[in-house]
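>>> Attaching a predicted model along with its sequence, questions to come.
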Amino acid sequence: MYKGIVRVNMKTLEITHEDVPEKWGAFGGRAMTSAVLLDEVDPLCIPLGKNNKLIFAPGLLSGSSAPISGRLSVGAKSPLTLGIKESNAGGQAAQILGRLGIRAIIVEDKPEDPGKFYTLEVRAGSITVVECPELKGLGNYDTVDKLMAKYSDKKAGYITIGQAGEMKLLAASIACTDRELRPTRHAGRGGLGAVMGSKGLKAIFLDDSEVSMRQPVDKEAFRAASKKFAKALKEHPVTGEGLPTYGTNVLMNIVNEAGGLPAKNFRTGSTDCAAKVSGEVQHDMILERGGKVAHGCHSGCVIQCSRIWNDKDGNYLTKGPEYETIWAHGPNCEIDDLDAIAIMDRMDDDIGLDTIEMGATMGVAMEAGILEWGDADGVIKLLEEVGQGTPLGRILGSGAKVTGECYGVDHIPVVKGQAMPAYEPRSIMGIGVTYATSPQGADHTAGYAIATNILKVGGFVDPLKPEGQVELSRNLQIATAAIDATGLCLFVAFAVLDKPEAFEAIYEMLNGFYGLNLGPDDVTELGKTILRAEVKFNRAAGFNEADDRLPEWCMTEPLAPHNTVFSVTDDELDSVLDFV
């Protein structure tokens, strides 16, 4: 077992081990990545330069038997937003790192030869860096296949980048393998795959075959809290029924009917495309082709919102696809073919691209006239160009903002340089507040107001009115930051918002595991501490109130079908994170 902090210098290839310093002692996941960045990275550094750092941090409960506790936080200064970034991924990586006793891997500096790539081998008894020229230029699927042939360990996990990361494209993601050792779970947002590529790090091999599950200090208290938590998740209609049955795409018809589904590059809030790519249609197609619903992306998942998608011949093609991916490449581009969208999802995962950013980029490309609306074959061809690194491919692989600016588009759906996800801020104003004010850039997971605005989880705040949206987003951003520190999946928030016992179980699990005496106020304070660090970093990087705004057209162009504009005032937006 390791001391907690592993530092990897990619210039010297030196590896050092350190105890977790007292100032980071209570941190895991996003709390750890944001603290390291604030303490050790110059906010004005070049994101793809030697002074940026890339941090991999499992949550406080990762590697234990706590339900659904296998989320991994990846942090760096983002080359896409130019601010602080935590990108979150499922898969097995966090569980393995937790069991190995690693609280954070901090990757520093960069190779003098930018053409060299390396694999970091992490085992219970040793951590080494080896050059891997045989992996250069490969997509994530072929990379993992070659690594599996080399290491022959079915219990292992892999973290990899595809061609986009090697080319340091701003939309590049970092792939984590799932339980079937497929590179389907991605730290997608913020272009952190480009940071990994800039470090010359192609892959991380994780082997926990010689260690066992982490054990709590108070086994009885921890076991009781874990059972309480799992029961609450199973009993809630969203986490116990909707997500296991229809996956995240259960939202497609719901959000479309609410007039909050961004269609045709955020030109309207509903579309006929939605019904053809809905979770219900997807569910039936998966079962007809011998795929799988109710699939867990990592061990210990009790929600199981993932699925396995087979092609028309019954052969595995990709995971999900998830709601965000189907929206981005589907209704956002006026595409209504689930098979075509699944091919795009597979290509994004293989090349190593954020599906939200790339779908938004394709919508901007259609706005620019590069493609016709609804041209699925054209999108597939453009994704091929991204993987090949053609001049146009490199522009597209740099995201929606760069693509829009290169082609003179004035309708670019980004905040802090990052594409807005699958919810229209003009008709779901709570999520608009989150998009505008989160230090992470436009990110629905930073404060998921859809729960209360649309699903009426945790109460109800009218999505079409500005009243109550600031308080809603603020409270959700604080709670989400704390959840991200534990390694728990964000989807636990549905039960937490509706069931007091679910919230109690979170700090009771932490208490039982670490021998602590935390209460609800401590959880809130943890979330505030994380957000304070992130805002402080961004301000030092040059961000100010003007960056906490939606695109101008959100306030001036009424959105059908409700004909609303985003009407939360600037003063109200400036008050969201007033506790920092």
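Nice, thanks for sending it over.

>>> going forward, measure contacts and count neighbours with C-alpha atoms only.
Noted.

>>> any low-confidence regions in the chain?
Within the chain, the segments meeting pLDDT under 70 span 1-2.

>>> just checking, what packs against the helix ranked longest in it?
Ordering each helix of the chain by length in residues (DSSP state H) puts helix 520-540 first. The contact analysis (3 or more C-alpha pairs under 8 Å, 6 or more residues apart in numbering; DSSP states H and E) places helix 520-540 against helix 29-40, strand 84-89, helix 469-486, helix 500-514.

>>> looking at these, which is closest to residue 237?
Among those, helix 500-514 comes nearest to residue 237, with 13.7 Å by C-alpha to C-alpha.

>>> Mind listing what's buried along the closest one?
For helix 500-514, burial by neighbour count (16 or more other C-alpha atoms under 10 Å) applies to 501-514.

>>> now swap in stretch 448-467 and tell me
Those would be 448-455, 457-458, 460-466, for stretch 448-467 by 16+ other C-alpha under 10 Å.

>>> Straight-line length of that stretch, end to end?
Stretch 448-467 has its terminal residues 17 Å apart, counting by C-alpha to C-alpha, to the nearest Å.

>>> With stretch 397-411 instead?
OK, stretch 397-411 end separation, C-alpha to C-alpha: 18 Å.

>>> cool, stretch 39-49 as well?
18 Å.

>>> do stretch 237-253 as well
17 Å.

>>> among the buried residues of helix 500-514, which two are most distant?
501 and 514 (19.7 Å).

>>> Name the nearest of the buried residues of helix 500-514 relative to residue 80.
Distances from residue 80 to those, taken by C-alpha to C-alpha, are shortest for residue 506, at 33.0 Å.

>>> Verify the stated contact: the closest one with residue 229.
Yes - using C-alpha atoms under 8 Å as the test, residue 506 is close enough to residue 229 to be in contact (7.3 Å).

>>> Which residue ranges make up the domains of the protein?
The record's domain split for the chain, according to automatic domain parsing, is 4-206, 218-246+425-580, 248-422.

>>> With distance to residue 212 as added columns, please give the ones you listed in TSV.
Shown next, in TSV, are the domains of the chain (distance: least, C-alpha to C-alpha, whole Å):
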stretch	distance to residue 212
domain 4-206	6
domain 218-246+425-580	15
domain 248-422	14
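
>>> and stretch 475-494, how far apart are its ends?
From its first residue to its last, stretch 475-494 covers 14 Å (C-alpha to C-alpha).

>>> now it: how far from the chain's centre is it?
13 Å (C-alpha atoms, centre = their mean, to the nearest Å).

>>> Give the helix, strand or coil label for the residue nearest to residue 98 when sequence neighbours are not counted.
Nearest residue to residue 98, sequence neighbours excluded (C-alpha to C-alpha, 6 or more residues apart in numbering): residue 63, at 4.2 Å. Here residue 63 takes the coil state, with states given by DSSP: H, G, I helix; E, B strand; the rest coil.

>>> What about residue 63, how many residues nearby?
Residue 63: 28 surrounding residues under other C-alpha atoms under 10 Å.

>>> wait, it sits on residue 94?
Yes - using C-alpha under 8 Å, residue 63 makes contact with residue 94 at a distance of 7.0 Å.

>>> all strands for the stretch 351-500 of the chain, in order.
414-415, 418-419 (DSSP state E, counting those that start in this stretch).

>>> quick one, which of those is nearest to residue 168?
That would be, of the strands of the stretch 351-500 of the chain and by C-alpha to C-alpha, strand 418-419, which comes in at 16.1 Å.

>>> For residue 268, see how far away residue 463 is.
For residue 463 relative to residue 268 (C-alpha to C-alpha), the value is 16 Å.

>>> got the contact list for residue 36?
residue 55 (C-alpha atoms under 8 Å, 6 or more residues apart in numbering).

>>> Which one of the buried residues of helix 500-514 is nearest to residue 351?
Distances from residue 351 to the buried residues of helix 500-514, taken by C-alpha to C-alpha, are shortest for residue 506, at 36.5 Å.

>>> quick one on the thing from earlier: contact partners for the residue nearest to residue 98?
69, 70, 94, 95, 96, 97, 98, 99, 213, 214.

>>> try it again with 7 Å
94, 95, 96, 98, 99, 213, 214 (C-alpha atoms under 7 Å, 6 or more residues apart in numbering).

>>> what about it, distance to residue 124?
14 Å.

>>> One more: residue 540?
Applying C-alpha to C-alpha to residue 540 and residue 124 gives a distance of 38 Å.

>>> next one: residue 313
From residue 313 to residue 124 the distance is 41 Å (C-alpha to C-alpha).

>>> which one of these two has more residues nearby?
Neighbours of residue 313 and residue 124, each counted by other C-alpha under 10 Å, are more numerous for residue 124; the result is 17 against 8.

>>> I'd say the more buried one and residue 208 touch.
Yes - using C-alpha atoms under 7 Å, residue 124 is in contact with residue 208, at 6.3 Å.

>>> any residues in contact with both of these two?
Common neighbours of residue 124 and residue 208 (C-alpha under 7 Å, 6+ apart) are residue 100.

>>> ok, the spatially most central residue of the chain - contacts?
The geometric centre of the chain, computed from its C-alpha atoms, lies nearest to residue 88 (C-alpha atoms, centre = their mean), at 3.9 Å. The neighbourhood of residue 88, defined by C-alpha under 7 Å, 6+ apart, consists of 71, 72, 73, 74, 187.

>>> Kindly present these as CSV, with separate columns for secondary structure and neighbour count.
CSV is the format used below for these (DSSP: H, G, I helix; E, B strand; the rest coil; neighbours: other C-alpha atoms under 10 Å):
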residue, secondary structure, neighbour count
71, coil, 30
72, strand, 35
73, strand, 29
74, strand, 29
187, strand, 26
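
>>> What is the nearest of those residues to residue 559?
residue 187 (31.2 Å).

>>> correct me, but the closest one touches residue 175?
Yes - when contacts are counted by C-alpha under 7 Å, residue 187 is listed as touching residue 175 (6.5 Å).

>>> Let me know the distance separating the spatially closest residue to residue 481 that is not a sequence neighbour from residue 446.
Sequence neighbours aside, residue 527 is the residue nearest to residue 481 in space, at 4.8 Å (criterion: C-alpha to C-alpha, 6+ apart). As judged by C-alpha to C-alpha, residue 527 and residue 446 stand 11 Å apart.

>>> Look at these two and report which has more neighbours.
Neighbour count, other C-alpha under 10 Å: between residue 527 and residue 446, residue 446 has more, with 26 against 23.
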